[in-house]
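Enquirer: whatever this is, show me its structure:
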Amino acid sequence: MPINCIVIDDDEACRVLLEQLISQVDGLNHIGSFETGRQAINAFKNSDTHLIFLDVEMPEMSGLDMLANLDIKPLVILTTSHKEYALDGYEYEIVDYLVKPVTLPRFLKAVSKAERRFENLFLGNKHGNGNYIFIRKEGVINKVPIGEVLWVEAMGDYVTIHTKDKKHIIHASLRTIESKLPADEFMRVHRSYIVHIGNIKTVEGTSIYIENTAIPLGALYKNEFLKRLELLG
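Expert: Down below sits the predicted model:
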């Protein structure tokens, strides 16, 4: 799932530069550019916009005024010739601000922040009856049904989410992933493992078997785990 973004700037040269920078980043999908905030508001109502590169000083309506008129606010990276405007933007929880003229290294740094924010917004998000999460991998955000997640394994600063047909390795803590998964379906069974209870095949001693893989059951988690299983016999 790419990050759909738009550019709003009354300066054509600035719009063109940002469009060129966006085209160099995998995972960013440029869906439109606008000269004024008023034009953008009308377009925003009819599109799935995730990220705005927004100029602050524009005729008719400033960038910050435009944000104040949006009911649903996307992620925002301010672009401005004056650093002092950045402080005003934090009222709207902007991701970052870029001082013109925008350079590629600084642009990439701001986009990296936006990607992390986007990932946090979508990872673990449930929609309707689908029950799925979004996982960002190699610049692409993948939709993964909850039922396909078998177990989650911590490896240092990374976490591997094992599904029925692949592995997703992401930079995150196990605690963060645990907080995003539905507690009625997933459980921590070891300091390094979370399992999907519905995908457990057997439990033997201190090992939980999912598919043909043995997951260790930690002593600190064993009693609570057995309670959750509601054993018969």
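Enquirer: switch to C-alpha atoms for all contacts and neighbour counts from now on
Expert: Fine.
Enquirer: which helix or strand lies directly C-terminal to the helix or strand of the chain with the lowest mean pLDDT?
Expert: Here the helix or strand of the chain ranked lowest by mean pLDDT, DSSP states H and E is helix 85-89, holding a mean of 54. From helix 85-89 onward toward the C-terminus, using DSSP states H and E, the following helix or strand is strand 96-99.
Enquirer: average pLDDT across that next one?
Expert: For strand 96-99, the mean pLDDT works out to 90.
Enquirer: what packs against the helix or strand following it?
Expert: Later in the chain than strand 96-99, the nearest helix or strand by DSSP H and E is helix 104-122. If contacts are counted by 3 or more C-alpha pairs under 8 Å, 6 or more residues apart in numbering; DSSP states H and E, helix 104-122 sits against strand 75-80, strand 96-99, strand 132-137.
Enquirer: pull the CA atoms of helix 104-122 into PDB?
Expert: What follows is helix 104-122 as a C-alpha-only set of coordinates in PDB (Å, rounded to 0.1, in the frame of the first residue of the first chain):
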ATOM      1  CA  LEU A 104      17.300  15.600  -1.300                       C
ATOM      2  CA  PRO A 105      19.000  14.500   1.900                       C
ATOM      3  CA  ARG A 106      16.700  16.600   4.100                       C
ATOM      4  CA  PHE A 107      13.700  15.500   2.000                       C
ATOM      5  CA  LEU A 108      14.600  11.800   2.600                       C
ATOM      6  CA  LYS A 109      14.900  12.400   6.300                       C
ATOM      7  CA  ALA A 110      11.400  14.000   6.500                       C
ATOM      8  CA  VAL A 111       9.900  11.200   4.400                       C
ATOM      9  CA  SER A 112      11.500   8.600   6.600                       C
ATOM     10  CA  LYS A 113       9.700  10.200   9.600                       C
ATOM     11  CA  ALA A 114       6.400  10.200   7.600                       C
ATOM     12  CA  GLU A 115       6.800   6.500   6.700                       C
ATOM     13  CA  ARG A 116       7.300   5.600  10.400                       C
ATOM     14  CA  ARG A 117       4.200   7.600  11.400                       C
ATOM     15  CA  PHE A 118       2.200   6.100   8.600                       C
ATOM     16  CA  GLU A 119       3.300   2.600   9.700                       C
ATOM     17  CA  ASN A 120       2.300   3.300  13.300                       C
ATOM     18  CA  LEU A 121      -1.100   4.500  12.200                       C
ATOM     19  CA  PHE A 122      -1.800   1.500  10.100                       C
END
